[in-house]
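Peer 1: my questions concern the predicted model and sequence given below.
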Amino acid sequence: KGRRGGGGDSWDSRKRKRENMDYRSYKEVHDRNGGSSKSSSKHCKFLLYKENVETQHALKLLTQHLRCNARRLGYAGTKDKRGVTTQWCTGFKINAKQLAQFNRVAARKKWGTIRVGNFEDLRGEDDKSLGLGDLLGNHFDIILRDVKAEKKAVAEQAIEALKQKGFINYYGLQRFGTGDYPTYKVGIELLKGNWKAACKMILQG
């Protein structure tokens with residue numbers, strides 16, 4: 001799941017998400033393996049919790065700690081930087097003990113609020129890496145701030161309008177890229193059939 005607040009979540013929301021992180025599950029995984037860090041499972045599933053950190057940056061720090069190739073970490077999608085998010089990830093030939101040590105290292109090196117937990121050795125048909133799109137959907141908690149009590153009637157009217165007419169789906173900058181050639185310009189060239197121009201934008205962007 002991914003969860004986002006408008007510019008950040010309230011303390012209650014942060015507390016609730018942190019409570020969903022089970023750091024003790026490393027011991028359970030350890031005990032199931034007979035007290036050994038070795039397991040017949042090839043993949044370990046874990047929950048990644050972060051606050052105001054990009055998914056790619058969080059995973060980069062994790063691979064730095066694990067000293068492994070980034071391709072050994074699987075995830076179903078990227079979550080927004082601005083917000084408190086949780087999402088499932090997998091590690092190929094990475095055990096729960098290695099992952100659990102990350103929390104201590106991240107705190108000591110002041111890498112920001114990034115935590116991992118809820119470790120589980122995957123078995124049978126489930127023993128595989130997560131890939132982009134391997135999710136049923138996202139769940140968002142939207143936080144509205146500075147709402148005045150006297151504006152209740154206006155809010156109710158706005159909600160009713162949303163029910164009947166919907167709303168404009170706005171996209172952030174991450175949807176268009178941050179290079180010299182935004183992805184929408186590449187898309188325009190593709191629609192025109194200008195393959196050479198599109199390829200040039202991609203290579204130079």
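Peer 2: It's in. Keep in mind the model is a prediction, meaning the values are calculated, not measured.
Peer 1: so who does residue 72 touch?
Peer 2: Under the criterion of CB atoms under 8 Å, 6 or more residues apart in numbering, the neighbours of residue 72 are 63, 66, 91-94. All C-beta atoms are positioned from the backbone trio N, CA, C, and that covers glycine.
Peer 1: again but with residue 44, I slipped
Peer 2: Neighbours of residue 44 in contact, by CB under 8 Å, 6+ apart: 29, 90-91, 94-96, 99, 119-122.
Peer 1: again, but for residue 74
Peer 2: 43, 89-92, 129-131.
Peer 1: can you pull up the bridge partners for it?
Peer 2: residue 90 (DSSP bridges).
Peer 1: can you list the weak-confidence ranges in this protein?
Peer 2: 1-39, 171-178, 205 (pLDDT under 70).
Peer 1: quick one, strands of it?
Peer 2: 43-51, 73-75, 84-92, 114-121 (DSSP state E).
Peer 1: quick one: closest of the ones you listed to residue 140.
Peer 2: strand 84-92 (9.6 Å; CB to CB).
Peer 1: quick one: buried residues of that closest one?
Peer 2: For strand 84-92, the neighbour count (16 or more other CB atoms under 10 Å) marks 84-91 as buried.
Peer 1: circling back: now distance to residue 159 too, for the strands of the chain, in a markdown table please.
Peer 2: A markdown table is the format used below for the strands of the chain (distance: least, CB to CB, whole Å):
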| stretch | distance to residue 159 |
| --- | --- |
| strand 43-51 | 29 |
| strand 73-75 | 34 |
| strand 84-92 | 24 |
| strand 114-121 | 35 |
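Peer 1: so for residue 147, which of the ones you listed sits nearest?
Peer 2: strand 84-92 (19.8 Å).
Peer 1: how close does the residue most central in space within the chain sit to residue 85?
Peer 2: The chain has residue 79 as the residue nearest its centroid, 3.7 Å off, counting by CA atoms, centre = their mean. Distance of residue 79 to residue 85, given as CB to CB, to the nearest Å: 4 Å.
Peer 1: residue 200 too?
Peer 2: 35 Å.
Peer 1: show me which residues of stretch 198-205 are buried.
Peer 2: Applying a neighbour-count criterion of 16+ other CB under 10 Å, the buried positions in stretch 198-205 are 198, 201.
Peer 1: ok, residues contacting it?
Peer 2: In contact with stretch 198-205 (CB under 8 Å, 6+ apart) are residues 177, 179-181, 185-186, 189-190.
Peer 1: which of the residues you listed lies closest to residue 167?
Peer 2: residue 177 (24.5 Å).
Peer 1: hmm, back to that, show me which pair in the contacts of stretch 198-205 is furthest apart.
Peer 2: 180 and 190 (17.2 Å).
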